[in-house]
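# Quick one: sequence and predicted model below, then my questions.
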Amino acid sequence: MEKGPSTRAESPYMTVQEVAEYLRIHAMTVHRLLNTGKLPGFRTGAKGNWRIPRKAILELGNGSRRKPIE
């Protein structure tokens with residue numbers, strides 16, 4: 001069964017898994033980038049799940065960041 005278009009507005013934040021899928025990298029790589037401060041994000045909730053600003057991820061694809069992630 002195919003998923004149809006979402007009726008929910010797109011969130012301004014992405015999860016680690018969403019970022020990993022978007023950038024086509026492993027989720028552990030996203031965690032490493034977050035933990036070293038090379039990717040902006042914040043922890044939320046009792047479990048401390050990460051949220052990453054969607055704008056920051058889209059800027060990575062546009063090359064508009066000042067320096068590349070190492």
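Received it, and whenever you're ready, just let me know what you need. Residues are numbered from 1 along each chain as shown.
# what's the distance between E59 and N49?
Distance, E59 to N49, by CB to CB, to the nearest Å: 22 Å. Any C-beta I mention is one placed from the backbone N, CA and C, and that applies to glycine too.
# and if you look at Y22?
To N49, Y22 is 17 Å away according to CB to CB.
# Settle it for me: which of the two has more neighbours?
Neighbour count, other CB atoms under 10 Å: between Y22 and N49, Y22 has more, with 16 against 12.
# Locate the more buried one within the secondary structure: which element?
In this assignment (DSSP states H and E), Y22 forms part of helix 16-23.
# And for that helix, what's in contact with it?
Residues from elsewhere that reach helix 16-23, judged by CB atoms under 8 Å, 6 or more residues apart in numbering: 14, 26-27, 29-31, 34, 39, 49-50, 52, 57, 60.
# Any of those buried? List them.
Buried members of those, counted by 16 or more other CB atoms under 10 Å: M14, V30, H31, L34, L39, W50, I52, I57.
# Restricted to strands, list the residues you listed.
Using DSSP state E, the members of the buried ones among the contacts of helix 16-23 that fall in strands are M14, W50, I52.
# Just the closest of those to T44, please.
Nearest to T44 out of these is W50 (CB to CB; 7.8 Å).
# The closest one and F42 touch, don't they?
Yes. The criterion here is CB atoms under 8 Å, and W50 meets it with F42 at 7.3 Å.
# measure the residue most central in space within the chain to E10 for me?
Centroid-nearest residue in the chain, with CA atoms, centre = their mean: V19, separated by 3.5 Å. The gap separating V19 from E10 is 14 Å, by CB to CB.
# Check K47 too.
Per CB to CB, K47 is found 23 Å from E10.
# Check whether K55 really touches P12, as I assumed.
Yes. Here K55 lies in contact with P12, judged by CB under 8 Å, at a distance of 7.2 Å.
# E10: neighbour count?
E10 is flanked by 8 other residues according to other CB under 10 Å.
# in the lowest-mean-pLDDT helix or strand in the chain, what counts as buried?
Every helix and strand in the chain was compared by mean pLDDT, DSSP states H and E; the lowest is helix 54-62, with a mean of 86. For helix 54-62, a neighbour-count test (16+ other CB under 10 Å) marks R54, I57 as buried.
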